[in-house]
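J.: here is a sequence together with a model predicted from it:
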Amino acid sequence: MNSQMSKMFAALALTAGIGSVFASGDADAISRPRAFDQNATGGCQSALPVFDGQIRKRPLAIQNEGTAPAFVSCSFMTPIINTGVSRVNLYADNNTGATLDITCTLVVGLSNFDMPTYLPKTISVPANSGLYVFEWTSVDNGGVNFNSYAISASCNLPVGTGLSLSQIIYDEDVGA
């Protein structure tokens with residue numbers, strides 16, 4: 001077989017392969033759950049300069065080490081996907097000797113762009129414990145996945161509490 005013929009067969013095989021990719025439809029689609037995790041120190045900051053002196057960004061958590069409650073704002077790393085985010089988690093810690101309530105509000109949307117969705121939650125975190133989770137799912141959003149382009153949270157941290165991890169879960173189409 002000469003070089004010209006080899007190139008022709010290679011081109012034909014490539015064309016056939018590309019054609020089969022385009023011919024495959026949604027019937028072969030398979031979704032896999034995916035997650036983005038980020039330490040809260042990377043995604044959260046004090047909400048106002050007045051809280052800067054109270055909030056400490058430690059390697060393991062963003063912590064209120066002041067003498068009064070402090071607000072922090074967190075932004076979640078999100079992929080640009082069509083199906084949206086099905087679950088958002090934010091993990092809280094309590095380094096005090098008493099059970100404390102922490103309140104966070106999930107905010108989905110962009111400023112001055114659309115009608116943001118606000119979903120507040122309060123959890124009781126036992127004394128000297130960590131990894132208590134705020135969990136927002138599509139059920140909290142009327143059964144609809146969250147827009148994947150802008151997900152944030154605002155949290156009121158009592159003294160001695162903090163946030164350690166932010167997480168989003170979404171489905172990705174990985175083909176057949």
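T.: Alright, I've got the coordinates.
J.: so where's the longest strand in the protein?
T.: When the chain is parsed with DSSP state E, its longest strand is strand 161-175.
J.: can you give me the mean pLDDT across it?
T.: Average pLDDT, strand 161-175: 90.
J.: can you give me how far that strand is from the chain middle?
T.: Its chain's C-alpha centre and that of strand 161-175 lie 4 Å apart, by C-alpha atoms, centre = their mean, to the nearest Å.
J.: can you pull the buried residues of that strand?
T.: Neighbour-count burial for strand 161-175 flags 161-171 (criterion: 16 or more other C-beta atoms under 10 Å). Every C-beta, even on glycine, is put in place using the N, C-alpha and C of the backbone.
J.: can you check stretch 96-103 too?
T.: By 16+ other C-beta under 10 Å, the buried positions in stretch 96-103 come out as 100, 102-103.
J.: how about stretch 40-60?
T.: So, applying 16+ other C-beta under 10 Å, buried residues of stretch 40-60: 40-41, 43-47, 51, 54-55, 57.
J.: what bits of this protein have low per-residue confidence?
T.: For the chain, the stretches with pLDDT under 70 are 1-28, 81-82, 176.
J.: could you rerun that using 90?
T.: In the predicted model, the chain carries pLDDT under 90 at residues 1-34, 36, 49, 77-84, 109-115, 147-150, 171-176.
J.: quick one, helices of it?
T.: When assigned using DSSP state H, the helices of the chain occupy the ranges 3-23, 40-43.
J.: among the buried residues of stretch 96-103, which lie within strands?
T.: Taking DSSP E, the ones among the buried residues of stretch 96-103 that sit in strands are 100, 102-103.
J.: turn those residues into JSON lines, including distance to Ser138.
T.: Output for these, formatted as JSON lines (distance: C-beta to C-beta, whole Å):
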{"residue": "Leu100", "distance to Ser138": "29"}
{"residue": "Ile102", "distance to Ser138": "23"}
{"residue": "Thr103", "distance to Ser138": "21"}
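J.: end-to-end on stretch 54-68?
T.: Terminal residues of stretch 54-68 lie 8 Å apart, using C-alpha to C-alpha, to the nearest Å.
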